[in-house]
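Return a 3D structure for these sequence lines:
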Amino acid sequence: MGHPVSLGMEHGLQQWERGCILRVLSTVFGVFLVAIASAPGQQTPCPLCRLADTGTLPDLRWPSFQDRQIEIRKFYDSIGDSLAWTREGEVTPQAVMAIRVLQKAALKGLDPEDYDGSRWEGRLANFVRHPELPEEVAHFDVALTVSVMRYASDVHSGRVNPKAFCFGLDNSQKQCDLAALLRDHLIHSHDVAAELNRLEPPFEGYRRTEAALETYLKLAREDDGERLPATIKPVEPGTSYSGAGRLTRLLRLLGDLPASGGPAGNSTIYEGALVEAVKHFQMRHGIDPDGRIGKGTLKELNTPVSYRVRQLDMVLERWRWVPETFPRPPIVVNIPEFRLRAYNDRYQPELEMKVIVGKAFRRQTPVFANSMTHLIFRPYWNVPLSIQRNELVPHILKDPAYLAKNEYEVVDSREHVVPGAVTPELIRQLRSGRLSIRQVPGDKNALGHVKFMFPNEYNVYLHGTPAKKLFAKSRRDFSHGCIRVEKPEELALWVLRGKPGWDLDRIQAAENGAKPLQVNLDSPIPVLVVYGTAVVVQDGGVYFFDDIYGHDKSLLELLDNGYPYSGLPPTSAGLCRRPRE
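Predicted structure coming up:
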């Protein structure tokens, strides 16, 4: 047995020698791999790995793909780190089909340049010239994978996270397995476009909006963009208007005026079919159809067709934020349209009515989704503290009889009525919130005779109203945030349609009963409060509405910041307020 030190030195030398041999073998083997990679017809995954691991491709329109890096690495791992879009030195038919889809992304309300739409022809040509360069081939492959993944995600769940606007919607649940999608459904597909189309929302309203977008893209190319001249006073039917020629061309282009209608020759008289066309245009743009060309009508007429395209783009984006399926047919309220629709099993409107929503300034109705669980007939209205302090207390100070005249009562924290006259101490307690005000059930109650409850963080719900005259207005943002419905009895009948014994007579009896009555639903009904300034109805008619809360403006600002869009902070102040009524 040798000396321990000698044995240790001998062992160390043996390790060093083995290390040298391994390094030599590694170098030789590496040269061998390079030789294989350089041989004609052979491919190596190394350039793919290297490009995927960098998380950036400088010649992409949006170079960084770190947000997709894990999915891209997973995809290439799942196909053995081989090329996905080229075979034997040629671009695959699937790659060409995918590129054509990316180039036509505008038809989906997306920006083709987010997926390098204008750059693919040059890449294809360069590939044909240099199909033998592994680095170039790998670059082409990864660039197409990045672009297809971006497109697939955007068309499926949207470009933007709605939470960036404090909306109560969550599209994160809609994320799909992009690596599996490319591997199993795209790179060997006979119809790549059809596979990608399957990712889109499955609703008729979405498809109608897509069809309208294609039409408006064409109209935007055809329109000359001339602006109609303003006048000091509204243009009345039967009067002369210097913009009659442009007005005729525009309304024919938009389909409001038949091809054979309009002024004869060079007439400037605003009359006949042209007036009727303006009324039709007004009706499609949420304006009272009086046929007069005032400031509001002129503003809509002078809105570029290209902006209508962007409105449709934004509607498609927001369609992608909503769930793909619902446990029951939903109720949908569209804020800018001031309209409610209740849908049947085929997602067709079964009931429609006007609504009143929150005021544009400080009382906006939130965008969110929840489920209706119950109705309350003859509800009390528990006045929110902000309304109590800022609106009711000043009225009480001016008129101590205000509470009695409007059927209000003061209650304590246990909802016990506090009797007595209005005193300075009572006013102090109302301002502090130690005492509250509620309105008793009845004809004067601000909630009408029924409210529809879908518990949510905003404390917003649907309800009736005694202020029926407000439904005659074309713009109906008058509430403190909750949603007043035009036909509460019809909505109650629809909501309770599956509950035995609840017909119209019983509903009316409950509305006129002696005390509040809560009716629980056997299964919740989804309720969506959405924001779309463009709506395409079942007959294909396209309607546009004012961006009353500025949500379109905020979304456009965010989109203009570039890709990737999600995760940016809100761009408008006040989006997270919690309205109450």
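
Pull the residues that contact stretch 405-418.
Contacts of stretch 405-418 from elsewhere in the structure, counted by CB atoms under 8 Å, 6 or more residues apart in numbering, are 383, 392, 399, 402-403, 426, 430, 434-440, 442, 444-445. Any C-beta I mention is one placed from the backbone N, CA and C, and that applies to glycine too.

Just the buried ones among these, please.
Buried residues within those, defined by neighbour count using 16 or more other CB atoms under 10 Å: 383, 392, 402-403, 426, 430, 435-440, 445.

ok, the residue nearest to residue 435 when sequence neighbours are not counted to residue 47 distance?
Nearest residue to residue 435, sequence neighbours excluded (CB to CB, 6 or more residues apart in numbering): residue 429, at 4.2 Å. Distance from residue 429 to residue 47, counting by CB to CB, to the nearest Å: 76 Å.

Mind checking which of the two has more residues around it?
For residue 429 versus residue 47, the count of surrounding residues by other CB atoms under 10 Å is larger for residue 47: 20 against 16.

In contact with the more buried one, which residues are there?
Going by CB under 8 Å, 6+ apart, the list of residues near residue 47 reads 134, 135, 137, 138, 139.

before we move on, the earlier item: so which of the buried ones among the contacts of stretch 405-418 sit within strands?
436, 437, 438, 439 (DSSP state E).

residues contacting the third one?
I take that to be residue 438. For residue 438, the residues meeting the contact criterion (CB under 8 Å, 6+ apart) are 380, 381, 382, 383, 408, 409, 411, 415.

What's the separation between it and residue 516?
If you measure residue 438 against residue 516 using CB to CB, the figure is 11 Å.

cool, and the last one?
Distance of residue 439 to residue 516, given as CB to CB: 12 Å.

now do the second one
Using CB to CB, we find residue 437 at a distance of 17 Å from residue 516.

Can you report how many residues neighbour the closest residue to residue 234 other than its chain neighbours?
Among residues not flanking residue 234 along the chain, residue 294 sits closest, at 3.9 Å (CB to CB, 6+ apart). The number of residues packed near residue 294 is 16, by other CB under 10 Å.

For residue 340, state which of the buried ones among the contacts of stretch 405-418 is nearest.
Nearest to residue 340 out of the buried ones among the contacts of stretch 405-418 is residue 445 (CB to CB; 20.3 Å).

Pretty sure that closest one sits against residue 467.
No: applying CB atoms under 8 Å, one finds residue 445 not in contact with residue 467, separated by 11.2 Å.

List the residues that contact residue 246.
Going by CB under 8 Å, 6+ apart, the list of residues near residue 246 reads 226, 227, 228.

Let's verify it: helix, strand, or coil?
Residue 246 carries the three-state label helix when classified by DSSP: H, G, I helix; E, B strand; the rest coil.

where's it relative to residue 222, distance?
14 Å.

And for residue 154?
Here residue 154 is placed at a distance of 28 Å from residue 222 (CB to CB).

More neighbours: those two, which one.
When neighbours are counted by other CB under 10 Å, residue 154 comes out ahead of the other of residue 154 and residue 222, with 24 against 8.

shouldn't the more buried one be in contact with residue 112?
No: shown here, residue 154 and residue 112 do not form a contact pair, counting by CB under 8 Å, at 11.5 Å.

what about the stretch 451-581 of the chain, any weak spots by pLDDT?
Low-confidence segments of the stretch 451-581 of the chain (pLDDT under 70): 566-581.

residue ranges of the strands in it, please?
In the stretch 451-581 of the chain, strands defined by DSSP state E, counting those that start in this stretch lie at 462-463, 477-479, 483-485, 517-530, 534-536, 542-544, listed in chain order.

What residues sit buried inside the longest one?
So that's strand 517-530. Neighbour-count burial for strand 517-530 flags 517, 519, 521, 525, 526, 527, 528, 529, 530 (criterion: 16+ other CB under 10 Å).

Among the residues you listed, find me the one that's closest to residue 550.
residue 530 (15.7 Å).

Show me the beta-bridge partners of the nearest residue to the closest one once chain neighbours are set aside.
For residue 530, ignoring the flanking residues on the chain, the nearest one in space by CB to CB, 6+ apart is residue 334 at 5.5 Å. Counting by DSSP bridges, residue 334 is bridged to residue 339, residue 530.
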